[in-house]
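Colleague: model this:
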Amino acid sequence: MNPLVCPKCGSDMRAYERNGVTIDQCTGCRGIFLDRGELEKLTDAEASYYGSRQAPPAPAPAPARYPEDDRYRDDRYRGGDRDDYYKKKKKRSFLDDLFD
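Modeller: Prediction:
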């Protein structure tokens, strides 16, 4: 049987069989190539391997946050004039009445 030739670098390829799956590996670039159907066999083997393992433990709950104090949200806590600065209208001058 003629050895397979790597499609990437042209070196010879060596066949390995692991758990019923034949894997062709290049001796030059170390690339791995699979025949038709072998990828499905690998995914099935992975699913059965991880399916037999126990599920990882649930993550620890997040640490408790300090309770938020509603006083800081109240405008009166800040003196009540913080937002009033932007709401003030410009005072009218006597010239405004002339040009209306």
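
Colleague: biggest helix in this protein, by residue count?
Modeller: Counting residues, the longest helix found in the chain (DSSP state H) is helix 38-51.

Colleague: Excluding its own residues, what touches it? List them.
Modeller: Residues from elsewhere that reach helix 38-51 (CB atoms under 8 Å, 6 or more residues apart in numbering): Asn19, Gly20, Val21, Thr22, Ile23, Leu34. Bear in mind the C-beta positions are built from the backbone N, C-alpha and C, glycine included.

Colleague: Recalculate using a threshold of 6 Å.
Modeller: Asn19, Val21 (CB atoms under 6 Å, 6 or more residues apart in numbering).

Colleague: list the buried ones in it?
Modeller: Across helix 38-51, burial judged by 16 or more other CB atoms under 10 Å covers no residue at all.

Colleague: And stretch 6-17, by the same measure?
Modeller: So for stretch 6-17, counting by 16+ other CB under 10 Å, buried means Cys6, Ser11, Met13.

Colleague: ok so, going back, what does the average pLDDT come to for the longest helix of the chain?
Modeller: In this model, helix 38-51 has a mean pLDDT of 82.

Colleague: Stretch 13-26: end-to-end distance?
Modeller: 4 Å (CA to CA, to the nearest Å).

Colleague: shaky segments in the chain?
Modeller: Residue ranges of the chain with pLDDT under 70: 1-2, 52-53, 68-100.

Colleague: ranges for the helices of it?
Modeller: Shown for the chain, the helices assigned by DSSP H span residues 38-51, 84-87, 94-99.
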